[in-house]
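Enquirer: what shape does this take:
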Amino acid sequence: MADAANPGGLEERLTGAELVHVDARVFALHLIGKGPTRQTDIVFSGIASGGIRAQTSSLTLYQILAEVYRQGKPASARDVARNMRLYPRLDIVSAGPEIAIQAAEVRAQLGGRPERALQIATALVSGAEVYLTSGSGLRRIAGMHVLNVEDFG
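Expert: I've put the predicted structure just below:
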């Protein structure tokens, strides 16, 4: 269980992992939500410094931009797209046939939206050790640790 009194525990958990998959919910919280939190600052500072090896799905870009466009902010969408693509040391993984096949299996087992299945499939196919999310009920994925940023303070 996460130590809510120790947000640094998040950094320890992430820097100890070989590969961390960061889902769209964490990006949304950091980039278009109420603004960065202590937890998201830990995550994205760690990625930029190289202390956390991280990836996300190309679907994350779609999910974030769709919300920004929905808010009627096309100029912000261009900035967000540029920043995500240029983010230091973050790999954006394109969804190919192997990920699509894995996503179908994930969705059949877990249900839920296709976007979530594609995020999980990307993490699984890439061999991520940790799946980082926010504000979701997701707690377990076979073969991977699931961490929710809100559990860390």
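Enquirer: now do the strands in the protein.
Expert: 20-22, 54-57, 90-93, 130-133, 145-148 (DSSP state E).
Enquirer: reformat these as JSON lines; add distance to residue 48, mean neighbour count and mean pLDDT.
Expert: Bear in mind the C-beta positions are built from the backbone N, C-alpha and C, glycine included. Listed next are the strands of the chain as JSON lines, based on distance: least, C-beta to C-beta, whole Å; neighbours: other C-beta atoms under 10 Å; pLDDT from 0 to 100:
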{"stretch": "strand 20-22", "distance to residue 48": "12", "mean neighbour count": "28", "mean pLDDT": "96"}
{"stretch": "strand 54-57", "distance to residue 48": "10", "mean neighbour count": "24", "mean pLDDT": "96"}
{"stretch": "strand 90-93", "distance to residue 48": "8", "mean neighbour count": "16", "mean pLDDT": "94"}
{"stretch": "strand 130-133", "distance to residue 48": "15", "mean neighbour count": "24", "mean pLDDT": "94"}
{"stretch": "strand 145-148", "distance to residue 48": "19", "mean neighbour count": "19", "mean pLDDT": "93"}
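Enquirer: distance to residue 44 added to these, as CSV?
Expert: Shown next, in CSV, are those (distance: least, C-beta to C-beta, whole Å):
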stretch, distance to residue 44
strand 20-22, 9
strand 54-57, 9
strand 90-93, 9
strand 130-133, 11
strand 145-148, 15
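Enquirer: minimum distance to residue 13: which of those strands has it?
Expert: Closest of the strands of the chain to residue 13 is strand 145-148, at 6.0 Å (criterion: C-beta to C-beta).
Enquirer: out of the strands of the chain, flag the one nearest residue 122.
Expert: Here strand 54-57 is closest among those (C-beta to C-beta), at 4.1 Å.
Enquirer: which residues does the closest one contact?
Expert: By C-beta atoms under 8 Å, 6 or more residues apart in numbering, the residues outside strand 54-57 that reach it are 19-24, 27, 43, 47, 89-93, 95, 99, 118-119, 122-123, 126, 128.
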